[in-house]
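Asks: Sequence and predicted model, in that order:
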Amino acid sequence: MVKGYCVKCKEKGREMKDVSIKQNARGGYMGQGTCVSCGTKMSAMMSKENAEKAVASGEAKKAY
Ligand SMILES: [Zn+2]
């Protein structure tokens, strides 16, 4: 499960749903999705390893 910080819940480690993983200009990976609790859009920086793991397991969509 991809997790990030939800600005509305003010909670770290909040699970995200409908996650898509993008790559920024610097080659970093970022997961973007919505908070499972409140539906607010969230994003989280991810390591290459975690990004690929999430895509491989089907938890996140590859968008890079
Ligand atoms: Zn939330």
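Replies: All right, it came through fine.
Asks: Can you classify the residue lying closest to Cys38 once chain neighbours are set aside by secondary structure?
Replies: Using Cβ to Cβ, 6 or more residues apart in numbering and skipping the chain neighbours, the partner closest in space to Cys38 is Lys8 (5.0 Å). Placement of C-beta: from N, CA and C, glycine included. Here Lys8 takes the coil state, with states given by DSSP: H, G, I helix; E, B strand; the rest coil.
Asks: Confirm that Cys38 sits in a helix.
Replies: No - with three-state DSSP as the criterion, Cys38 is assigned coil and is not in a helix.
Asks: For it, the count of nearby residues, please.
Replies: Neighbour count for Cys38, taken as other Cβ atoms under 10 Å: 13.
Asks: Do I have it right that it meets Cys6?
Replies: Yes - the pair Cys38 and Cys6 passes the contact test of Cβ atoms under 8 Å, sitting 6.8 Å apart.
Asks: Which residue comes closest to Lys17 once chain neighbours are left out?
Replies: Distances taken as Cβ to Cβ, 6+ apart place Val36 nearest to Lys17, at 5.1 Å, with adjacent residues excluded.
Asks: quick one, what contacts the one you found?
Replies: Arg14, Glu15, Met16, Lys17 (Cβ atoms under 8 Å, 6 or more residues apart in numbering).
Asks: Ramachandran coordinates for the last one?
Replies: By that I understand Lys17. When read as degrees, to the nearest 10, the backbone of Lys17 gives phi -120, psi 170.
Asks: pLDDT value on Ala51, please?
Replies: As predicted, Ala51 sits at a pLDDT of 96.
Asks: and the gap between it and the ion?
Replies: 22 Å (Cβ to the ion, to the nearest Å).
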